[in-house]
Each structure stands twice: as structure tokens, then as C-alpha cells.
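> Build the 3D model from these lines:
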Amino acid sequence: MKIASFNVNSLRVRLPIVLKWLTDRQIDVLCVQETKVQDVDFPAGAFDDIGYNYVFKGQKSYNGVAIFSRHPIEQVQCGLPDEPKDEPRLIKATINGIAIVNTYVPQGYLPDSVKFQYKIDWFGRLLDYFQRNFTPQDAVLWVGDLNIAPKPIDVYDPKTLLGHVCFHPDVHKVLKEVMAWGFVDVFRKHCSRSGEYSFWDYRMRNTFGRNLGWRLDHIMATAPLAEKSTACYIDKKPRAAERPSDHTPVVAEFDWP
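All right, here's what the predicted structure looks like:
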């Protein structure tokens, strides 16, 4: 079973890339972030045409999450308790016996900003969500753009970038707390190399070509699923496409069920 996460940075703009990649790679479940489309304008028909089920929650121009699946989608929930209605950042569904929690974590803006504190608080509410709804013995996947590079090997220049909102001691602390509940970083289970990234910033020159990247996109699994993982990798091909997202997909393969 292939499960992927992809921040598309506007689903309608990247639709040709997403559709081709899904069919070429034979992905079973794709979790998407930053769809940037209100629900009434969601391009559902394109996924009907290639045989995928879907659930989504979005808004105009910002945020938005969706899950596409070749399998039936059950037990769908959107949002964290007390999450502002205009910020669709979490969607959960049960697929083939796996509870999949797809998240687009707040970026944080600047370390001394209200938005950064919102990011920190969001992780606290997310941990409470996991504690209330699951146990570490359940088959749970937490995926998405977490807007955190966990370790120095996950950024191209850890000394200079330390203190950035996505590579900051405070976010490392809250990520560690959520991971300690019972998650395994599936990518790092299979790959210990540095220089493996899923995001290359548009605002700097040729970051993709120079591999000046960040590993911000993750697939985290509870032990019952992590034990069944057979591979996890970053697929750079969509980032090299015409009009790409600034992110690229992360794919995990499981011997499941």
C-alpha cells in the first residue's frame, strides 16, 4: 500500500502534475495540503475520471487539505477542537483500517509573532487530539506539511537557519512531545542520509538546482504501522515539472494489511 503526502501550493494550478503523478506512481492514498480552493470550486471531477475517492476541506486562496484514495474512505473528521472555521488545516479519515490524519501545520511567520505562538499552541492541541482519540497501539498515520525540519540533517544550512520558525528550538520541543506519544518518522527509519529535502524556497535563486532545501513534509506512523513499512522516499520529479509546487511528494510503502 502506497501512501503519500504532497503540499501542492494550489491544487487547481498543479492539477496536471498531481493527476499524472498519481496515475504514473499508482498511489493508493494521497494526502494533500495547501489546496487553496473553496469547497464549491474543488476539482472533484478530475479525480472521478481517474477512479479516486476523495474528501476535502478548503477555503479561498489559503490553507486547505484533502485526501484521495483508491479505497473506500470512512469516518471522516475535519479540524481540531476550537480551530478557527476559516483555517482548514486537518482532515482525518479511516482507509483500509488505518486512521490517517492529514495536517497543514501553521508556518509561524516570525519567532516573536502571534502567529508563531499559534503554531506552538496548535501542536499542543494536536497532541491532545491524539491522546483523546487514539492509542499508540492503533494503526495511525500522521502526515503532511508540518513546517518543521526536525534535525540538522533536514536543512541545507543548520547553523545559519537555526532560529527560523521551521527550525527553532521551540518547535523542535513541541514536535518531540507529539512524537513521544507514539510516532516513528518513517522516512528516517529507511534513510539516514543528509541532503534529502521536500521543499525548496521559490524566493531564493535556483534553490532546487543547488539543493538548498528543507525536509518539512513527513509521514509519521505508530509502531504497528511503522513495523509494516517497507520503504519511504522523496520523489523529486514533480518539483522538476513545469509550474511546480515549491514542495514535492513523500511516499511510504506498507505491507498492509
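> Now residue 52: closest residue in space that isn't a chain neighbour?
Closest residue to residue 52 apart from its sequence neighbours, by C-beta to C-beta, 6 or more residues apart in numbering: residue 68 at 4.5 Å. For the C-beta atoms, the positions are set from N, CA and C on the backbone; glycine is no exception.
> what's the one you found in contact with, if anything?
22, 27, 29-30, 32, 47, 52-54 (C-beta atoms under 8 Å, 6 or more residues apart in numbering).
> Which ones among those residues map onto helices?
Using DSSP state H, the subset of the contacts of residue 68 located in helices is 22, 47.
> The contacts of residue 68 into a markdown table, with extra columns for neighbour count?
Putting the contacts of residue 68 into a markdown table (neighbours: other C-beta atoms under 10 Å) gives the following:
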| residue | neighbour count |
| --- | --- |
| 22 | 21 |
| 27 | 22 |
| 29 | 26 |
| 30 | 27 |
| 32 | 28 |
| 47 | 21 |
| 52 | 22 |
| 53 | 16 |
| 54 | 18 |
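> Output stretch 173-182 as PDB - backbone C-alpha positions only.
Extracted in PDB, the C-alpha atoms of stretch 173-182 (Å, rounded to 0.1, in the frame of the first residue of the first chain):
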ATOM      1  CA  LYS A 173      10.400  20.700  21.600                       C
ATOM      2  CA  VAL A 174       6.700  20.500  20.700                       C
ATOM      3  CA  LEU A 175       7.400  18.100  17.800                       C
ATOM      4  CA  LYS A 176       9.300  15.900  20.200                       C
ATOM      5  CA  GLU A 177       6.400  15.900  22.600                       C
ATOM      6  CA  VAL A 178       3.900  14.700  19.900                       C
ATOM      7  CA  MET A 179       6.400  12.100  18.600                       C
ATOM      8  CA  ALA A 180       6.900  10.800  22.100                       C
ATOM      9  CA  TRP A 181       3.200   9.900  22.300                       C
ATOM     10  CA  GLY A 182       4.000   7.100  19.900                       C
END
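> Need the three-state assignment for residue 60.
coil (DSSP: H, G, I helix; E, B strand; the rest coil).
> Tell me how many other residues surround the residue nearest to it when sequence neighbours are not counted.
Nearest-residue entry for residue 60: residue 38, 4.6 Å, with adjacent residues in sequence omitted and distances by C-beta to C-beta, 6+ apart. Residue 38: 13 surrounding residues under other C-beta atoms under 10 Å.
> try residue 132
Neighbours of residue 132 (other C-beta under 10 Å): 8.
> picking that back up, residues in contact with the residue nearest to residue 60?
58-60.
> okay, these in TSV with distance to residue 146 and neighbour count next?
Listed next are the contacts of residue 38 as TSV, based on distance: C-beta to C-beta, whole Å; neighbours: other C-beta atoms under 10 Å:
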residue	distance to residue 146	neighbour count
58	19	23
59	20	16
60	24	13
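> Quick one: low-confidence residue ranges for this protein.
Scanning the chain for pLDDT under 70 picks out 85-86.
> Name the residue closest to the centre of this protein, please.
residue 144 (1.1 Å; C-alpha atoms, centre = their mean).
> Against residue 38, how distant is the closest residue to residue 163 other than its chain neighbours?
In this structure, residue 163 finds its nearest non-sequential neighbour in residue 111, 6.5 Å apart by C-beta to C-beta, 6+ apart. Going from residue 111 to residue 38 by C-beta to C-beta, to the nearest Å gives 31 Å.
> Check residue 64 too.
8 Å.
> shared neighbours of these two, anything?
Joint contacts of residue 64 and residue 38 (C-beta under 8 Å, 6+ apart) are residue 58.
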